[in-house]
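In: Using only what follows, build the 3D model:
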Amino acid sequence: MIAQVLAALVLPQTINLDAFVTDAMPRYNVPGAAVGVIQDGKVITLAGYGYREHGKPATVDPDTAFQLASVTKTFTAALAGTFVDEGALGWDDPIINVLPEFVGYDPATTRVMSMRDLLAHRTGWPAFTGDLFDSLGYSRSEVLRRLRFFKPTFPLRQTATYSNVGYFTAGEVCAKAGKGSWNDLMQRRLLTPLGMTRSLTVAKEFGRGNSSKNHAMVNRQLTVIPHPEQDVLAAAGSLSGSVRDVSQFVAMLLNGGMHGGKRILKPETVNEILARSMVADVGFTEMPPISEDSGFAYGLGVGGYTYRDHHVVEKGGAQAGVRTLIVMVPKLKAGIVILSNMNVTAFPEAVRAFWLDKLLGVDPADHQKQILAANTQIQAMFSGEQGTARTGPSIPFSGDTKSLVGNYHGDLYGDVAVTIQGGRLFVEAGPARYRGELVHSNGGLFFIKWPALLAGPSATTFTIGKDGLAESMTNDDMGVLHRVRAER
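Out: The predicted model follows:
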C-alpha cells in the first residue's frame with residue numbers, strides 16, 4: 001500500500017507549473033503573480049509572472065514585494081510560538097497571565113481566554129466584527145480597552161468564528177511578553193533570522209522600489225487601486241514580502257522549525273501550529289479540493305483538511321487588490337506560495353489545486369472547472385452592490401432624512417455622526433471621522449457604504465422618537481448606537 005501511494009506522487013519539479021500559471025492569469029484577470037515551490041523542505045522554484053502594475057513594463061520577479069494580507073496570521077502564530085518555546089507563554093494558559101489589561105465581555109471570558117482560543121478562532125466573537133477599528137483612528141491600547149464591550153456571538157470554544165480582532169489581541173499578548181511592539185518583535189524574532197529582507201511589518205511603508213501595485217476591476221476595467229494602510233490590527237494582516245521571503249518561512253515550518261542550520265522554533269511548537277485545534281464549517285469561500293468530505297479545521301494561524309490521505313495545511317489572504325496563499329503538505333515536506341496582485345480572485349486556489357492534484361497523482365481538470373465557476377460567482381458578489389438588492393416595489397423612507405442627522409454613541413466603537421451634504425447622508429465614525437455614505441435601500445432600511453473595496457454594504461435602521469428625531473441607529477457592524485442629546 002505504501003509503495004502504491006509513493007508511486008502515485010509526482011515530483012514537484014516535473015509539474016509544468018509555469019505553463020499552468022501563465023495560462024491561468026488572463027482567465028482570472030491577474031496582471032502579476034509570484035510562485036515559490038518547496039520540495040523535501042528546500043525551496044526549488046521561485047518565479048515571477050506578468051507585471052507589477054497593469055499597463056507598465058516592470059515585471060514581477062522573486063523579489064517583488066506583495067501585501068500578504070491574512071497570511072500575516074501564520075507569522076503571528078509563529079511569533080507566539082517563539083515565546084512558547086521560551087516558557088513565556090502557554091498555548092492554553094489564560095492570556096491575562098501575560099496581558100492583565102485584557103478584559104473580556106464577561107468574567108469567564110476574561111479569566112480563561114487563551115492564545116489557542118485567539119489563534120484558532122475559538123473566541124466566539126462575531127466573525128469579522130471589529131475590522132472597522134483599523135480605520136477609526138484609535139490606538140492599539142484603546143482598541144484593547146474597548147474589547148470589554150465586544151459581545152460574543154457564541155460561548156467560548158463552541159463555534160469557530162473568523163476574527164481579525166482575535167489576532168490583534170494575540171499580537172498584543174506577544175508585545176507584552178516580549179516587552180516591545182508586535183512590529184519590532186516580528187522583525188527581530190522571525191523576519192531577520194529568516195533573511196526576509198524584502199518584508200515589512202508596517203502597511204503604510206509598503207510600495208517602495210520593487211513592489212507590486214494592487215488591482216481591481218472598476219467599471220469592468222482593470223485598475224490600480226491604493227493599497228490598504230491598516231496598521232492598528234497589524235497582527236492580523238499588515239505584513240508584506242516577496243515570494244522568496246515567504247518561501248523561506250514556509251520551508252522553516254516544513255523543516256520542523258529549522259532554517260540555515262539554526263533553530264527558529266521547536267519541532268513540537270511547529271506541530272502545534274499545524275495541527276487541528278478547532279473544527280469549522282466548510283464555507284462557500286473554500287474551494288476544491290476542500291469539501292464536506294475533506295473537512296476543515298483551524299490550526300494556529302492556519303487551516304487544515306484531509307486530501308488523498310494527507311493532512312494539508314494552508315492560509316489564504318485577501319485585501320483590497322491582492323490575494324495570497326501558502327500551502328503545506330507536512331508529511332511530504334512539500335509546499336507552495338502563491339502571491340497575486342488582483343482583487344477578489346480564485347487564482348491562488350486554482351494554482352494550489354493544480355499543484356496538489358499533480359503532486360498527489362490526480363487529474364486536475366474537474367477541480368479547475370469548479371474553481372473557475374466559483375470565481376465567477378464570488379466576483380459577482382463583490383461587484384459593489386452585494387447585499388443591497390431588493391425584491392418587490394420600492395418603498396420610500398416615510399420619515400424626514402434630516403431627522404437622522406446627529407451624533408450617536410456606542411460603547412464599542414465610540415462616537416459616530418450622521419451628516420447631510422448636498423442632499424446625501426454620510427456617516428463619520430471614530431476620532432479619524434472615517435466616512436461612509438448612508439444610502440437608502442427600501443422603506444426604513446439603509447446601507448452604509450464604507451470606502452474599503454472589500455467592505456460590503458452594512459445594513460442600518462433607525463428608531464424614531466416621539467419628537468420625530470432618531471433616538472438610535474442599529475448597524476450590522478457597529479451594533480446599537482444611541483443619539484447624544486445636548487444638555488439643557
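In: ok, which stretches of the stretch 201-350 of the chain are strands?
Out: Assigned by DSSP state E, counting those that start in this stretch, the strands in the stretch 201-350 of the chain fall at 214-218, 221-225, 240-242, 258-259, 262-263, 278-279, 297-298, 303-307, 310-319, 322-329, 334-340.
In: for the record, mean pLDDT for stretch 416-429?
Out: Mean pLDDT, computed over stretch 416-429, is 96.
In: Could you tell me the end-to-end distance of it?
Out: 4 Å (CA to CA, to the nearest Å).
In: before we move on, what about stretch 337-352?
Out: Criterion CA to CA; first-to-last residue distance in stretch 337-352 is 9 Å.
In: To Ala365, which of the strands of the stretch 201-350 of the chain lies closest?
Out: strand 303-307 (16.4 Å; CB to CB). For the C-beta atoms, the positions are set from N, CA and C on the backbone; glycine is no exception.
In: Could you list the paired strands of the closest one along with their orientation?
Out: The pairing partners recorded for strand 303-307 under DSSP bridges are strand 297-298 (antiparallel), strand 310-319 (antiparallel).
In: chain center to the longest one, what's the gap?
Out: To tie it back to what came earlier, the one meant is strand 310-319. Centroid separation for strand 310-319 versus its chain: 11 Å, with CA atoms, centre = their mean, to the nearest Å.
In: And the helices in the protein, which stretches?
Out: With DSSP state H as the criterion, the chain has helices at 2-8, 17-27, 72-86, 107-112, 115-119, 133-136, 140-146, 164-178, 182-186, 234-237, 243-254, 267-274, 347-359, 365-381.
In: Let me have those helices in JSON lines, adding mean pLDDT, distance to Ala334 and mean neighbour count as columns.
Out: Converted to JSON lines, these look like this (pLDDT from 0 to 100; distance: least, CB to CB, whole Å; neighbours: other CB atoms under 10 Å):
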{"stretch": "helix 2-8", "mean pLDDT": "34", "distance to Ala334": "13", "mean neighbour count": "9"}
{"stretch": "helix 17-27", "mean pLDDT": "97", "distance to Ala334": "13", "mean neighbour count": "16"}
{"stretch": "helix 72-86", "mean pLDDT": "98", "distance to Ala334": "17", "mean neighbour count": "24"}
{"stretch": "helix 107-112", "mean pLDDT": "94", "distance to Ala334": "37", "mean neighbour count": "14"}
{"stretch": "helix 115-119", "mean pLDDT": "98", "distance to Ala334": "24", "mean neighbour count": "26"}
{"stretch": "helix 133-136", "mean pLDDT": "94", "distance to Ala334": "35", "mean neighbour count": "22"}
{"stretch": "helix 140-146", "mean pLDDT": "98", "distance to Ala334": "37", "mean neighbour count": "17"}
{"stretch": "helix 164-178", "mean pLDDT": "98", "distance to Ala334": "27", "mean neighbour count": "25"}
{"stretch": "helix 182-186", "mean pLDDT": "98", "distance to Ala334": "26", "mean neighbour count": "21"}
{"stretch": "helix 234-237", "mean pLDDT": "98", "distance to Ala334": "26", "mean neighbour count": "26"}
{"stretch": "helix 243-254", "mean pLDDT": "98", "distance to Ala334": "7", "mean neighbour count": "25"}
{"stretch": "helix 267-274", "mean pLDDT": "98", "distance to Ala334": "13", "mean neighbour count": "18"}
{"stretch": "helix 347-359", "mean pLDDT": "98", "distance to Ala334": "6", "mean neighbour count": "24"}
{"stretch": "helix 365-381", "mean pLDDT": "91", "distance to Ala334": "18", "mean neighbour count": "15"}
